[in-house]
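K.L.:
Provide a 3D model corresponding to the input given below.
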Amino acid sequence: MRSGSHHRRLSLQRGLAYLGVLMIAFMVGLGTMQAARVWGKIRQREQETQLLFVGDQYRNAIEHYYKSAEGSRYPESLEDLLADKRVPYTLRHLRRLYDDPLTGKAEWGLVKAPDGRIMGVYSQAPGTPQKQGGFPDRYQAFAGKSSYQDWTFVYKPPEAQTAQPQ
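P.N.:
Numbering: from 1, shown residues only. Have a look, this model is predicted:
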């Protein structure tokens, strides 16, 4: 009879050990999920920082293109920023076309001027920006936006900025 009691105690110990292993596996899984969530937020923040940098590169290149030749006009395509054919020498406003850091693709939304030329770019990525404030002065309008498509990197000449009603 003693062996039956011993067998039950051994079964109970094995059951408790199994339950302990399951709890540890659950805790490890929960920790892994939390780490993945935190990593996703960090990655999104890095991509947004990169988007601000790349968007600014495009905005600056469009401004440089606009101011570089007679007639003050915007480029017809983003490729025009790589080699400006309006002058007799090679004039580059960008070294290369950048991919959208959020989508990983070279496809950008284009902000068109009234004449159909390109005055700015924006990301076509879905989702809500994590960054909602603390932008550089020229991008204060990005604060509180619910879509990346609202982060437009546009060059407006000073005369166009003063001509617009507030």
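
K.L.:
Could you check the pLDDT of the closest residue to Thr152 other than its chain neighbours?
P.N.:
In space, and not counting its chain neighbours, Thr152 is closest to Tyr122: 4.6 Å by C-beta to C-beta, 6 or more residues apart in numbering. To be clear about C-beta, it is placed using only N, CA and C from the backbone, and glycine gets the same treatment. In this model, Tyr122 is scored at 97, pLDDT.

K.L.:
who's in contact with Tyr122?
P.N.:
Taking C-beta atoms under 8 Å, 6 or more residues apart in numbering, we find Tyr122 in contact with 55, 108-109, 111, 148-153.

K.L.:
cool, and Val121?
P.N.:
55, 58-59, 78, 108-111, 152-153.

K.L.:
Give me the three-state assignment for it.
P.N.:
When classified by DSSP: H, G, I helix; E, B strand; the rest coil, Val121 comes out as strand.

K.L.:
if I look at the residue lying closest to it once chain neighbours are set aside, how far off is Ala83?
P.N.:
Nearest in space to Val121, with sequence neighbours left out and distances taken as C-beta to C-beta, 6+ apart, is Trp108 at 4.3 Å. Separation of Trp108 from Ala83 (C-beta to C-beta, to the nearest Å): 18 Å.

K.L.:
repeat for Arg117
P.N.:
Per C-beta to C-beta, Arg117 is found 16 Å from Ala83.

K.L.:
what about these two, which has more around it?
P.N.:
With neighbours defined as other C-beta atoms under 10 Å, Arg117 and Ala83 compare such that Arg117 has more, 17 against 11.

K.L.:
can I assume the more buried one is in contact with Arg73?
P.N.:
Yes - with contact defined as C-beta atoms under 8 Å, Arg117 counts as touching Arg73 (6.3 Å).

K.L.:
anything in contact with each of these two?
P.N.:
Overlap of the contact sets of Arg117 and Arg73 (by C-beta under 8 Å, 6+ apart) is empty.

K.L.:
Show the subsequent helix or strand relative to the longest helix that the chain contains.
P.N.:
When the chain is scanned for its longest helix (criterion: DSSP state H), the result is helix 2-68. Tracing the chain past helix 2-68, the next element assigned as helix or strand by DSSP states H and E is strand 109-112.

K.L.:
Tell me which residues of that next one come out buried.
P.N.:
Neighbour-count burial for strand 109-112 flags 110-111 (criterion: 16 or more other C-beta atoms under 10 Å).
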